[in-house]
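Undergrad: sharing a sequence plus its predicted fold:
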Amino acid sequence: MKIAVCVKHVPEGTSRIDPGTKRLDRAGEGALNHFDANAVEEALRLKGDSDTEVVAVSLGPQKALDSLRKALAMGADRAVLVSDDAAAGSDLVATSRLLAAALAKEEPDLVLFGQQASDADGAVLWAAVAERLGRPVVSQAMELSVDGGTVHVKRQTEHGYDTIEAPLPAVVAVSDAINEPRYPSLKGIMGAKKKPQDVLSLADLGVDAGDAGEAGSRTTVLALGDPPARADSQKIEDDGNAAQAIVDFLAEKRLI
Amino acid sequence: MDFDLSPEQKEIQALTRDFVRAEIEPHATEWDREHHFPREVYAKLAELGLMGTCVPEEYGGAGADFLAYMLVLEELSRGDAGVGVTVAVHTSAVTLPLLLFGTDEQRSRFVPPLARGELIGAFALTEAEAGSDAAALRTSATREDGGWRISGAKQFISTAEYAGTFLLFARTDPDTPGAGGISAFILDADQVRVTGREEKLGLNSSTTNSIAVDSLVDADRLLHDEGKGFHVAMATLDGGRIGIAAQAVGITQAAYDVAREYAKERHAFGQPIAKFQAIQFKLADMATEIEAARLLVHRAAWLKQNDLPHTETGAKAKLFASEMARRQTGEAIQILGGYGYTKEFPVERYYRDAKITEIYEGTSEIQRLVIARSVLGLAERAVSAS
């Protein structure tokens, strides 16, 4: 079996938006999106001692190799980075196109994603990629197993769990509650540099520059604004009628 | 010139930091209070490869460089200085000298269990009347039945009660006083009797023991040549003191982190105390001295891993970092005021832990001797040897 795990290199610390480009400032140190560490861990758990191959895939600048190396240090077998100046500024639509092209080359049986990206908190890429690949997609996986040509997923919902199965090849986005990611070992860190790390350009993927980056994006950030200031808060002292006062307040705001 | 860490060094630092935040920092206060030696932590460190960071892979280590190992010691000590010293002694003072001075047979027999963290190492040099003047040691080793009868007592031995392998120094030539008559031996735990445990000012998650030896050991337990023990000890301390400097940097970084955050949150006279220049200057001095000490550590480590002379720079790193740690952990308490003096905050622990870095692996006075003899071109080791 072959499992591809899509990972993102995100800025470390507090995110800052560059007012000029209206994009996230990615100049500083970065790290593996911690939600993706759950996806890497799940791939490695499914692999166990078998000959399953785990490939970590990312789209980003050269620096994104740092995050791919973390995946390799944890135990992934190979890394693929799609990196091209023309890909900078890709929105969801363009990113999903490029990732889908890279995944199409790999032909994995299972594609795993983390539930969201911790920088801009996007949580739809897995759906967009699955759509482009024409594969079934299951999100918020709490439990995951593969049995022959079928993936079984226990999906977390607001009301309980859905038990879902889908034929492989498939795309699954795992919940951050699915596992506790392992620490990479020193041996893993030292060995990571010996594992294959391929960097692919748009040309390698056969994607036109006009379909990537800002040119290939369908969204434009028009303006950035601060969130509205919080309205004055009202403090209710409990003199025995606090519960009623809170209910009245919520009813007045039409919240209940 | 390149001041950037390599990708591997950065990843090893990040791994240690993540591990410390999750597995060490939350317990450090309790370990200090309960005087608990966290055995379980060493098993986990071993699993990650951190008990043999800079030991070559063929001997069971992770094969990283000495600087990466310094980064590990700094991060461990930032969480708990007792864990820091235990790993420092285990690696710098036992595993590395066995690797450096052992025969092929000794290396392949004794190093892998240490590097894999299956056994913890202890370094037994100091005696009741042989501290800085180590060449005055009286533990004896005499030839008996084709081996050596070792007998004597040692004190201030880190981790002795949990150690599996001892690097122990004894006098093989009773007629040669001083450095010349000393040899180094490799002992197992069952050849050593732990006779006591010190009550200390700090470093309470590590143990410091007195031991007694009266054992017959095989001839193959002699490390390096007969009479070369003092050379082994001094070469060990040359590298070991860089690790203690890294430990001092880690402790101070932890104190600075707490003091900086506190200064931003604590209000006095209507504003955060970080707005007062008196506090700002303290934080500026702390940040400056921490960075200076860290750069000395990194430079000494770089010299060592490139097989360049590092005695002088290592001594400078140890001297500056340890005195900086004692001074600046005190300033951290000052920033926190009365709260800093209480056990509600960890800075009083950092202050207690920092003091020892001016004493072990060569006191500040010995470091100054080493540096002075080097810069003045005086006979090497005549005094600094002790």
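TA: Here it is on my side, so go on.

Undergrad: show me where chain B has its strands.
TA: Using DSSP state E, the strands of chain B run over residues B:121-124, B:140-144, B:147-158, B:165-171, B:182-188, B:193-197, B:208-217, B:222-223, B:267-268, B:271-272.

Undergrad: err, the stretch 1-150 of chain A, not the other one
TA: In the stretch 1-150 of chain A, the segments counted as strands under DSSP state E, counting those that start in this stretch are A:2-6, A:9-11, A:30-32, A:53-59, A:78-82, A:110-113, A:137-147, A:150-156.

Undergrad: the fourth one pairs with which strands?
TA: Listed by DSSP bridges, the sheet partners of strand A:53-59 and their directions read strand A:2-6 (parallel), strand A:78-82 (parallel).

Undergrad: select, out of the ones you listed, the one closest to B:E118.
TA: strand A:78-82 (32.2 Å; CB to CB). C-beta coordinates here come from the backbone N, C-alpha and C atoms, glycine included.

Undergrad: can you tell me the average pLDDT over that closest one?
TA: Predicted confidence along strand A:78-82 averages 98 (mean pLDDT).

Undergrad: can you check stretch A:226-244 too?
TA: The average pLDDT for stretch A:226-244 rounds to 85.

Undergrad: run the chain-centre distance for that stretch.
TA: Put simply, stretch A:226-244 sits 37 Å off its chain's centre (CA atoms, centre = their mean, to the nearest Å).

Undergrad: give me the contacts around it.
TA: Applying CB atoms under 8 Å, 6 or more residues apart in numbering or on different chains, the external contacts of stretch A:226-244 come out as A:A245, A:I246, A:F249.

Undergrad: contacts (any at all) between chain A and the longest helix belonging to chain B?
TA: The longest helix of chain B (DSSP state H) is helix B:229-265. No. Interface with chain A: helix B:229-265 contributes nothing (CB under 8 Å from any CB of the partner chain), its closest point being 14.3 Å away.

Undergrad: angle of that helix against strand B:165-171?
TA: 130 degrees (axes from the mean of the first three to the mean of the last three CA atoms, to 10 degrees).

Undergrad: helix B:229-265 to strand B:182-188, inter-axis angle?
TA: Taking the same axes, to 10 degrees, one finds helix B:229-265 and strand B:182-188 inclined to each other by 70 degrees.

Undergrad: tell me the most buried of the strands of the stretch 1-150 of chain A?
TA: Compared across the strands of the stretch 1-150 of chain A, strand A:110-113 shows the largest average neighbour count, a mean of 28 (mean count of other CB atoms under 10 Å in any protein chain shown).

Undergrad: got a list of what the residue in the stretch 51-200 of chain A that chain B sits nearest to touches?
TA: For the stretch 51-200 of chain A and chain B, the shortest gap (CB to the nearest CB) falls at A:L186, measuring 3.1 Å. A:L186 sits next to B:I12, B:L15, B:L48, B:G49, B:L50, B:T53, B:A62, B:A64 when contact means CB under 8 Å, 6+ apart.

Undergrad: 6 Å - rerun?
TA: Residues in contact with A:L186 (CB atoms under 6 Å, 6 or more residues apart in numbering or on different chains) are B:G49, B:A62.

Undergrad: local confidence estimate at it?
TA: 93.

Undergrad: show me which residues of the stretch 1-150 of chain B are close to chain A?
TA: B:E8, B:E11, B:I12, B:L15, B:F19, B:L48, B:G49, B:A62, B:G63 (CB under 6 Å from any CB of the partner chain).

Undergrad: could you dump those residues into TSV with pLDDT and neighbour count added?
TA: Below are those laid out as TSV (pLDDT from 0 to 100; neighbours: other CB atoms under 10 Å in any protein chain shown):
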residue	pLDDT	neighbour count
B:E8	93	20
B:E11	94	23
B:I12	96	30
B:L15	95	24
B:F19	97	21
B:L48	96	23
B:G49	96	29
B:A62	94	27
B:G63	94	22
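
Undergrad: which members of those residues are the farthest-apart pair?
TA: Using CB to CB, those span at most 18.8 Å, a distance reached by B:F19 and B:G63.

Undergrad: all the helices of chain B, in order from the start?
TA: B:7-19, B:25-34, B:39-48, B:66-79, B:81-88, B:96-101, B:104-115, B:229-265, B:277-305, B:311-336, B:338-341, B:347-355, B:364-376.

Undergrad: next: the stretch 151-256 of chain A.
TA: Counting by DSSP state H, counting those that start in this stretch, the stretch 151-256 of chain A has helices at residues A:186-192, A:202-205, A:242-252.

Undergrad: how distant is the first one from the center of its chain?
TA: Using CA atoms, centre = their mean, we find the averaged C-alpha position of helix A:186-192 to lie 24 Å away from the chain's own average C-alpha position.

Undergrad: and the helices of the stretch 151-256 of chain A as JSON lines, adding distance to A:E143?
TA: Shown next, in JSON lines, are the helices of the stretch 151-256 of chain A (distance: least, CB to CB, whole Å):
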{"stretch": "helix A:186-192", "distance to A:E143": "26"}
{"stretch": "helix A:202-205", "distance to A:E143": "33"}
{"stretch": "helix A:242-252", "distance to A:E143": "37"}
